[in-house]
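Undergrad: sequence unavailable; structure follows:
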């Protein structure tokens, strides 16, 4: 296992979370994201926390659980990376 800390876009799940948040530019709970992405909520929470650490999403605790909101929806570099990796990510 690498001693390097995870980078924000070096994992398919983090990219998928951002793409989902950018669909309507609204905050979503990790439960909603896990349902929409067909992933385990624990996995979504973990990757959401990595994105928050890198200041790519804002996380808040709401009455329905952890809420994630993108902070990079208008970042051209992030948008380009999400577009460039979409086809490969959707193969999995």
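TA: Yes, it's here. Being a predicted model, the structure only gives us computed values, none of them experimental.

Undergrad: those helices in this structure, which residues are they?
TA: 12-24, 30-37, 41-53, 76-90 (DSSP state H).

Undergrad: nearest to residue 67, out of these?
TA: helix 30-37 (7.8 Å; Cβ to Cβ). For the C-beta atoms, the positions are set from N, CA and C on the backbone; glycine is no exception.

Undergrad: that closest one to helix 41-53, inter-axis angle?
TA: 110 degrees (axes from the mean of the first three to the mean of the last three Cα atoms, to 10 degrees).

Undergrad: dihedrals phi and psi, residue 75?
TA: Main-chain torsions, residue 75, degrees, to the nearest 10: phi -80, psi 110.

Undergrad: quick one on the thing from earlier: export the helices of the chain to a markdown table and append columns for distance to residue 59 and mean pLDDT.
TA: Shown next, in a markdown table, are these (distance: least, Cβ to Cβ, whole Å; pLDDT from 0 to 100):
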| stretch | distance to residue 59 | mean pLDDT |
| --- | --- | --- |
| helix 12-24 | 11 | 97 |
| helix 30-37 | 9 | 98 |
| helix 41-53 | 4 | 97 |
| helix 76-90 | 17 | 94 |
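
Undergrad: compare these and give me the one nearest residue 66.
TA: helix 30-37 (4.6 Å).

Undergrad: buried ones in that closest one, by neighbour count?
TA: Buried positions in helix 30-37, judged by neighbour count with 16 or more other Cβ atoms under 10 Å: 30, 32-34.

Undergrad: next, format the residues you listed as TSV and append distance to residue 86.
TA: Formatted as TSV, those follow (distance: Cβ to Cβ, whole Å):
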residue	distance to residue 86
30	22
32	20
33	17
34	20
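
Undergrad: tell me the contacts of the nearest residue to residue 26 once chain neighbours are set aside?
TA: Spatial nearest neighbour of residue 26, chain neighbours left out: residue 69 (7.7 Å); criterion: Cβ to Cβ, 6 or more residues apart in numbering. For residue 69, the contacting residues are 21, 26-28, 57-60, by Cβ atoms under 8 Å, 6 or more residues apart in numbering.
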